[in-house]
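S.K.: Have a look at this prediction, sequence included:
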Amino acid sequence: MNLIERAYGLMDVKKYRYGVLISIFLLTAAIPLLADNYILTVLQNAMFYMLLALGLNIIVGYCGMCDLGYAAKFAVGAYTTGILIKSFGWNFWLTIPVSILVSAAAAIIVGAPTLKLRSDYLAIVTLGFAEIVRITARNLEITGSASGINSIARPSFFGLHLTQITHWYYVFLALVALFVFISNRIRNSRFGRALAYIREDEDAAQAMGVNTTVYKLCAYIIGAVLGGVAGSFYAVRMTAVSPGSFDFSQSANIMLAVILGGMGKIPGVMAGAAFFSIFPEIFRDVPIVGDMRMLFFGLLLIVVMITRPQGLWPERKQRKSK
């Protein structure tokens with residue numbers, strides 16, 4: 001009888017969670033009815049960082065690998081889409097499968113020989129890969145060299161030309177919902193549990209029969225693909241791609257969003273990305289404070305990391321072990 005009651009209790013909890021998620025989604029979808037273009041632009045930027053943070057979370061939060069070059073992942077997708085549209089006249093929606101394949105191929109080329117490394121060594125390799133991508137993009141003619149690719153045509157969706165801020169707000173909202181769904185499915189799958197074992201103790205996981213190299217490579221590929229898809233939409237949203245958008249500071253910002261929110265926790269990672277994107281904009285127009293807002297933001301980051309070392313919204317297990 002107790003088991004039956006517990007089963008019904010779990011079902012009620014799941015229904016409650018789904019109800020909360022649907023309510024949040026509907027409220028977020030209603031924001032364009034009340035907000036101006038500036039607020040929508042800030043929220044759109046926050047959702048874009050959520051996409052990148054969710055992709056990096058699979059590599060860092062789920063599997064425990066240290067990736068300091070995640071900007072290269074969405075750079076690959078952005079340049080793939082930009083080149084295919086500008087140089088070959090492709091339809092944007094047809095570039096997404098190509099972007100996925102190129103991102104996966106790049107992840108295999110980098111990850112296959114290097115994912116046996118751990119900790120600082122892997123961080124150095126990923127950082128080096130990001131610099132290789134950025135410098136290569138800055139020197140090749142097909143990527144537009146230092147000036148990048150400009151005047152990328154924006155796509156249409158069932159006859160609707162995506163030019164307004166409201167259009168892109170809903171596009172990124174749909175992408176966030178898709179990325180959350182994918183991340184949640186991975187987390188609750190057998191594959192996700194294997195990644196958690198690797199994150200907690202790679203040697204123990206290997207001793208239990210988990211092929212750590214294969215699982216780490218798969219996580220690396222999935223994270224790269226999500227970053228590549230986000231980069232494709234970034235290219236057509238901004239209508240331009242340049243090497244300056246993919247430097248180390250961009251990778252550091254994405255990593256900070258994941259760590260600040262709570263590695264491995266989907267709502268936490270999203271909260272970290274939103275906090276990182278929205279907070280500096282709150283004080284932009286405030287006299288005196290506006291000029292020093294990044295200083296206050298840095299101080300606040302220090303305070304948060306001291307008081308909440310596991311992030312704003314950590315995993316339940318990490319919260320208990322604190």
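M.R.: Sure thing, it's come through. Numbering: from 1, shown residues only.
S.K.: residue boundaries of the strands in the stretch 101-250 of the chain?
M.R.: 156-157, 160-161 (DSSP state E, counting those that start in this stretch).
S.K.: quick one, which of these is nearest to residue 102?
M.R.: Closest to residue 102 of the strands of the stretch 101-250 of the chain, according to Cβ to Cβ: strand 156-157, at 22.9 Å. Every C-beta, even on glycine, is put in place using the N, C-alpha and C of the backbone.
S.K.: For the closest one, which helices and strands make contact with it?
M.R.: With contacts defined as 3 or more Cβ pairs under 8 Å, 6 or more residues apart in numbering; DSSP states H and E, strand 156-157 has no helix or strand neighbours.
S.K.: neighbouring contacts of that strand?
M.R.: Contacts to strand 156-157, defined as Cβ atoms under 8 Å, 6 or more residues apart in numbering, come from residues residue 162.
S.K.: Next, name the residue at the spatial heart of this structure.
M.R.: For the chain, residue 52 is the residue whose C-alpha lies nearest the centre (Cα atoms, centre = their mean; 1.7 Å).
S.K.: what's the closest non-adjacent residue to that one?
M.R.: Nearest non-adjacent residue to residue 52, counting by Cβ to Cβ, 6 or more residues apart in numbering: residue 254, 4.8 Å away.
S.K.: ok, the one you found touching residue 53?
M.R.: Yes. Contact criterion Cβ atoms under 8 Å: residue 254 and residue 53 qualify, at 6.0 Å.
S.K.: Among those two, which residue is more densely surrounded?
M.R.: Between residue 254 and residue 53, residue 53 has the larger neighbour count (other Cβ atoms under 10 Å), namely 33 against 29.
S.K.: one step back: over to the residue nearest to residue 52. Which of the three states is it?
M.R.: Here residue 254 is helix, with the state taken from DSSP: H, G, I helix; E, B strand; the rest coil.
S.K.: quick one: it from residue 276, how far?
M.R.: Going from residue 254 to residue 276 by Cβ to Cβ, to the nearest Å gives 9 Å.
S.K.: What of residue 24?
M.R.: Relative to residue 276, residue 24 is positioned 19 Å away (Cβ to Cβ).
S.K.: more neighbours, these two?
M.R.: Neighbours were counted for residue 24 and for residue 276 using other Cβ under 10 Å; residue 276 has more, 22 against 11.
S.K.: And the more buried one, what's its pLDDT?
M.R.: With respect to pLDDT, residue 276 has a value of 82.
S.K.: With mean neighbour count and mean pLDDT as extra columns, can I get the strands of the stretch 101-250 of the chain in CSV?
M.R.: Putting these into CSV (neighbours: other Cβ atoms under 10 Å; pLDDT from 0 to 100) gives the following:
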stretch, mean neighbour count, mean pLDDT
strand 156-157, 12, 92
strand 160-161, 10, 92
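S.K.: quick one: buried residues of the helix or strand residue 267 falls within?
M.R.: Residue 267 belongs to helix 266-282 when assigned by DSSP states H and E. Residues 266, 268-277, 280-281 are the ones in helix 266-282 that count as buried (16 or more other Cβ atoms under 10 Å).
S.K.: So which of those is the closest to residue 150?
M.R.: Nearest to residue 150 out of those is residue 277 (Cβ to Cβ; 24.7 Å).
S.K.: gap between the closest one and residue 270?
M.R.: Relative to residue 270, and taking Cβ to Cβ, residue 277 is found at 11 Å.
S.K.: now swap in residue 254 and tell me
M.R.: Counting by Cβ to Cβ, the separation of residue 254 from residue 270 is 13 Å.
S.K.: What helices and strands are in contact with the one helix or strand residue 305 maps to?
M.R.: In this structure, residue 305 sits in helix 293-307 according to DSSP H and E. Applying 3+ Cβ pairs under 8 Å, 6+ apart, we find helix 293-307 packed against helix 248-261, helix 266-282.
S.K.: so where's the stretch 51-200 of the chain uncertain?
M.R.: In the predicted model, the stretch 51-200 of the chain carries pLDDT under 70 at residues 119.
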